[in-house]
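Trainee: here is my input; please provide its structure:
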Amino acid sequence: MTTRRDFLTSVGALATGMLALPTLAHAARVQDIGLQLYSVRDDMMRDAKGTLTSLAKMGYKEIESANSAKGYYYGLSPKEMKKLMGDLGMNLRSGHVGIDNNWQKAVDAAAEAGQPYLVCPSLPTQGQTVSNYERCADTFNKAAEACRKAGIQFAYHNHNSEFEKDNGRVLYDVLLDKTDPRLVSMEMDLGWVVVAGQDPFDYFKRYPNRFPLWHLKDMKKGEAHSTVLGTGRLDVAKLLRSAKQSGMKYFFVEQEEYEGAPLASMQRNIAYLKGLNY
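Mentor: Predicted structure coming up:
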């Protein structure tokens with residue numbers, strides 16, 4: 001005969017087991033996989049349309065361009081790029097362009113191409129000092145105002161040098177503190193953050209919603225060189241679980257070094273993400 005105590009014990013065990021089920025039942029799958037086209041820069045210079053067609057067939061949906069010797073869109077006009085994205089079932093979400101005397105031209109092109117973000121990938125003035133980073137923050141605020149008028153969001157992309165210190169202050173923090181969060185967003189290159197010995201989760205906690213764009217870049221263990229996702233030191237699943245806190249809207253796979261053909265590496269990257277549960 002089952003006693004009340006036995007019954008309650010068995011019910012408690014069952015309840016405990018059921019509490020663990022949602023972790024498995026609701027494990028998320030990676031959706032809307034993006035790519036920074038610098039990952040296939042040589043292919044894009046040779047054959048932009050053919051390369052994008054190959055990437056679309058792999059399953060990449062969200063695209064970020066990078067300024068090149070052929071212009072913002074690898075020889076294509078903004079309208080041509082926008083049409084090609086639509087024809088391939090892709091979305092041009094962002095583009096990398098340095099701040100110079102042609103900034104307004106870049107803003108106008110981005111608006112014509114229909115991309116919602118324009119990203120500065122390097123500091124407009126050099127110097128690893130608080131004063132220079134404050135000047136850069138001021139420049140970003142002004143550049144971002146031009147973007148805002150065109151209906152575009154400005155963002156800045158980091159490398160590892162931004163995490164150096166001057167007078168006890170982390171220089172990247174100076175940018176975050178001195179830029180207007182309504183105007184200036186951050187595109188966090190997670191690979192460079194890890195190389196710099198920093199904790200991206202700490203930044204997500206201290207500056208929530210400041211990072212709508214990510215570069216999902218894995219780095220070789222003990223080296224400052226990128227590698228195929230899942231083979232380096234980036235905890236991709238844990239990062240994706242923190243997407244909401246960071247404010248992430250789009251992420252872009254980026255790999256700058258390869259052991260074979262770049263497109264083959266992009267196939268391996270997307271296969272890893274498609275098979276990932278987080």
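
Trainee: any idea of the mean pLDDT in the helix or strand harbouring Asp202?
Mentor: Mapping Asp202 onto the secondary structure by DSSP states H and E places it in helix 200-206. Per-residue pLDDT values across helix 200-206 average out to 98.

Trainee: report the buried residues of it.
Mentor: Judged by neighbour count using 16 or more other Cβ atoms under 10 Å, the buried positions of helix 200-206 are 200, 203-204. No exception for glycine: its C-beta is placed from N, CA and C like everyone else's.

Trainee: stretch 144-159 now?
Mentor: Along stretch 144-159, these residues count as buried under the neighbour rule (16+ other Cβ under 10 Å): 144, 146-147, 152-159.

Trainee: in the stretch 51-200 of the chain, which spans are helices?
Mentor: If you assign secondary structure with DSSP state H, counting those that start in this stretch, the helices in the stretch 51-200 of the chain sit at 78-88, 103-113, 130-149, 171-178, 190-195, 200-206.

Trainee: contacts for the second one next, please.
Mentor: To tie it back to what came earlier, the one meant is helix 103-113. The contact list for helix 103-113 (Cβ atoms under 8 Å, 6 or more residues apart in numbering) reads 67, 72-73, 78-79, 81-82, 92, 95, 97, 118, 143, 146-147, 150-152.

Trainee: if we go to 6 Å?
Mentor: Under the criterion Cβ atoms under 6 Å, 6 or more residues apart in numbering, residues 72, 78, 81-82, 92, 95, 97, 118, 143, 146-147, 150, 152 lie in contact with helix 103-113.

Trainee: re the thing from before, any chance of the buried residues of helix 200-206 in JSON lines, plus distance to Gln128?
Mentor: As requested, the buried residues of helix 200-206 are exported to JSON lines (distance: Cβ to Cβ, whole Å):
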{"residue": "Pro200", "distance to Gln128": "21"}
{"residue": "Tyr203", "distance to Gln128": "19"}
{"residue": "Phe204", "distance to Gln128": "25"}
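
Trainee: what is the nearest of those to Glu223?
Mentor: Pro200 (18.8 Å; Cβ to Cβ).

Trainee: distance of the nearest residue in space to the closest one that is not next to it in sequence from Glu162?
Mentor: Across the structure, with Cβ to Cβ, 6 or more residues apart in numbering as the measure, the residue nearest Pro200 apart from its sequence neighbours is Val193 (5.0 Å). Here the distance between Val193 and Glu162 works out to 9 Å (Cβ to Cβ, to the nearest Å).

Trainee: could you do Asp108 as well?
Mentor: For Asp108, the distance to Glu162 equals 28 Å [Cβ to Cβ].

Trainee: now the spatially most central residue of the chain: which helix or strand?
Mentor: The chain has Trp214 as the residue nearest its centroid, 1.8 Å off, counting by Cα atoms, centre = their mean. Element membership for Trp214, per DSSP H and E: strand 213-216.

Trainee: give me the contacts around that strand.
Mentor: Residues outside strand 213-216 that contact it (Cβ under 6 Å, 6+ apart) are 155, 187-189, 248, 250-254.
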